[in-house]
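J.: Sequence and predicted model, in that order:
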Amino acid sequence: MIYLDSAATSYHKPAAVRHAVLRALTTMTSPGRGGYPSAMEAADTLYACRCALGDLFGVEDPANVVFTSSATHGLNIALKTLVGPGDRVVISGFEHNAVTRPLRAIGAETVVAASPLFDPDAAVEAYRRALPGAKAAVCCHVSNVFGYVLPVERIAALCREEGVPLVIDAAQSAGVLPLDMRELGAAFTAMPGHKGLLGPQGTGVLLCASDAVLPLLEGGTGSLGESEEMPEFLPDRLEAGTHNVPGIAGLLAGVSWLQRQEPGAVRTHETALRHRLANALRGRRDLRLFEAEEDACQTGVLSVVTDGLDGEEAARQLGEAGIAVRAGLHCAPLAHRSAGTFDTGTLRLSVSPFTTEREIDAAAARLIEILERSARK
Ligand code: PMP
């Protein structure tokens, strides 16, 4: 399979991830639930993973690195901590349903800081206008549909000036772009462990600026067993129930692999592949490409609209040819409304650190073949 759906989840992972998961399955039990070696090894692994993530994302206290089951889980904790019914929340025009649906369920007043695709200055201006008086703000670092890198540092600075707590959705940037909680001053940053961080599905991370958090789940934590209430301290306050130890062990291996790469190497590789793909597809009348003028504004995600052939059908035919891509709205209808692609959706091709040039060439050639065959019909 040629896998070009890394924006959904990582598929090719360093071999160390697989080995770490298997090792955890055979040597580790539940951390914090016993002083015997297998429980202690699990506790050490979790702690090592918190430290590695803390180093990567500028979180001083590893206790503020909380394990979740997904980015969605972390975003729910963050939003339900900060926002109540009727509260005004400013979001970008590129948020995922993992942000908009919880806000809808809370009954928040959601204000979209609307701005065009690949226009960071306009995004900053839109937040500047919308922020005064807001209870919280949310910004996705990178759009999962278009790979658009939002100017999160400048938006974070505005939030600090206005005293508005910021939630960052780093689902598409973690492991690809630098992100520093200390410098950003965000209240929360949520991310999956299973995309750019190269861990297994079922892992996620919530970076918390403080322990002023509302648990989404109550239950056993292995600490303060005599209390009827959840501990006040992190990470226990947000980690009720038995941890996904094999998943977290795999996540640690993924993060360690990333830390061994040259700084910026993943980004450079992915950008080069996105250019290669776009170069092969550009200039056709039956394809509209969504490309930023500046590389700083886009990652290794390329969305296209296939004029003359339904995107889902193009994706199906690519799938039959062993090429995995995703068509439709990508759980982000708001992003499509912002870019004017809500009616068609897009065909999204997204690369990983392990994608090769040959795979890109083969996928581009097959897509062109599919379009030409459909035009002949
Ligand atoms: N936000 C964005 C921007 C995403 O791309 C995704 C995953 N598609 C999510 C949130 C949700 O991530 P998860 O599947 O880990 O809950």
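T.: That came through, no problem. Numbers count the residues shown, from 1 in each chain.
J.: Who are the contact partners of the nearest residue to Ala136 once chain neighbours are set aside?
T.: Of all residues not flanking Ala136 in the chain, Leu82 sits nearest, at 4.3 Å (Cβ to Cβ, 6 or more residues apart in numbering). All C-beta atoms are positioned from the backbone trio N, CA, C, and that covers glycine. Contacts for Leu82 (Cβ atoms under 8 Å, 6 or more residues apart in numbering) come out as 135-136, 165, 167, 187-188.
J.: just curious, which of these is nearest to Ile323?
T.: Val167 (34.8 Å; Cβ to Cβ).
J.: Okay, and the beta partners of the closest one?
T.: Judged by DSSP bridges, the bridge partners of Val167 are Val138, Phe188.
J.: mind checking pLDDT for it?
T.: Predicted confidence (pLDDT) for Val167: 99.
J.: what's near enough to touch it?
T.: With Cβ under 8 Å, 6+ apart, Val167 has these contacts: 75, 78-79, 82, 99, 136-139, 186-190.
J.: cool, and Leu289?
T.: Residues in contact with Leu289 (Cβ under 8 Å, 6+ apart) are 278, 281-282, 302-304.
J.: Secondary structure element for it, which one?
T.: In this structure, Leu289 sits in strand 287-290 according to DSSP states H and E.
J.: If you count neighbours, what's buried in that strand?
T.: Judged by neighbour count using 16 or more other Cβ atoms under 10 Å, the buried positions of strand 287-290 are 287, 290.
J.: strand partners of it, parallel vs antiparallel please.
T.: With DSSP bridges as the test, strand 287-290 is paired with strand 301-306 (antiparallel).
J.: The partner strand near the ligand anywhere?
T.: No: against the ligand, strand 301-306 shows no contacts by Cβ under 6 Å from any ligand atom, the least distance being 9.4 Å.
J.: Please give the centre-to-centre distance between that strand and its chain.
T.: 19 Å (Cα atoms, centre = their mean, to the nearest Å).
J.: For that strand, C-alpha coordinates in CSV please.
T.: What follows is strand 301-306, C-alpha atoms only, in CSV (Å, rounded to 0.1, in the frame of the first residue of the first chain):
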residue,chain,number,x,y,z
VAL,A,301,-0.8,17.9,3.4
LEU,A,302,-2.2,18.7,-0.1
SER,A,303,-5.9,19.0,-0.8
VAL,A,304,-7.1,19.0,-4.4
VAL,A,305,-10.6,19.2,-6.0
THR,A,306,-11.1,16.8,-8.9
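J.: about what we covered before: with distance to Arg129 added, can I get the contacts of Leu82 in CSV?
T.: Output for the contacts of Leu82, formatted as CSV (distance: Cβ to Cβ, whole Å):
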residue, distance to Arg129
Lys135, 16
Ala136, 16
Pro165, 18
Val167, 19
Ala187, 21
Phe188, 23
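J.: Looking at the residue nearest to Ala136 now. What's its pLDDT?
T.: Leu82 is assigned 98 on the pLDDT scale.
J.: just Asp44 next, same as before
T.: 97.
J.: packing partners for the host helix or strand of it?
T.: Take DSSP H and E as the rule and Asp44 turns out to sit in helix 37-57. Under the contact criterion of 3 or more Cβ pairs under 8 Å, 6 or more residues apart in numbering; DSSP states H and E, helix 37-57 touches helix 15-27, strand 65-68, strand 204-208, helix 245-260.
J.: now the most centrally placed residue in the chain: how far from Ile360?
T.: Against the mean C-alpha coordinate of the chain, by Cα atoms, centre = their mean, the closest residue is Ala171 at 0.8 Å. Separation of Ala171 from Ile360 (Cβ to Cβ, to the nearest Å): 23 Å.
J.: List the residues that contact the closest residue in space to Gly199 that isn't next to it in sequence.
T.: Setting aside the residues directly before and after it, Gly199 is nearest to Leu251 in space (Cβ to Cβ, 6+ apart), at 3.2 Å. By Cβ under 8 Å, 6+ apart, the contact list for Leu251 reads 49, 193, 197-200, 203, 205.
J.: Try it again at 6 Å.
T.: Leu251 makes contacts with 49, 193, 199, 203, as judged by Cβ atoms under 6 Å, 6 or more residues apart in numbering.
J.: would CSV of those residues with distance to the ligand be doable?
T.: Shown next, in CSV, are the contacts of Leu251 (distance: Cβ to the nearest ligand atom, whole Å):
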residue, distance to the ligand
Cys49, 16
Gly193, 8
Gly199, 11
Thr203, 8
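J.: what about Ala292, which SS state?
T.: Secondary structure for Ala292, judged by DSSP: H, G, I helix; E, B strand; the rest coil, is coil.
J.: Distance check, it against Ala123.
T.: 13 Å.
J.: between the two, which one's more packed in?
T.: It is Ala123, of Ala292 and Ala123, that has more neighbours when counted by other Cβ atoms under 10 Å, with 25 against 18.
J.: Could you measure from that one over to Ala114?
T.: 9 Å.
J.: Any regions of the stretch 151-300 of the chain where pLDDT drops low?
T.: In the prediction, the stretch 151-300 of the chain carries no residues with pLDDT under 70.
J.: now the strands for it?
T.: 166-169, 188-192, 204-208, 287-290 (DSSP state E, counting those that start in this stretch).
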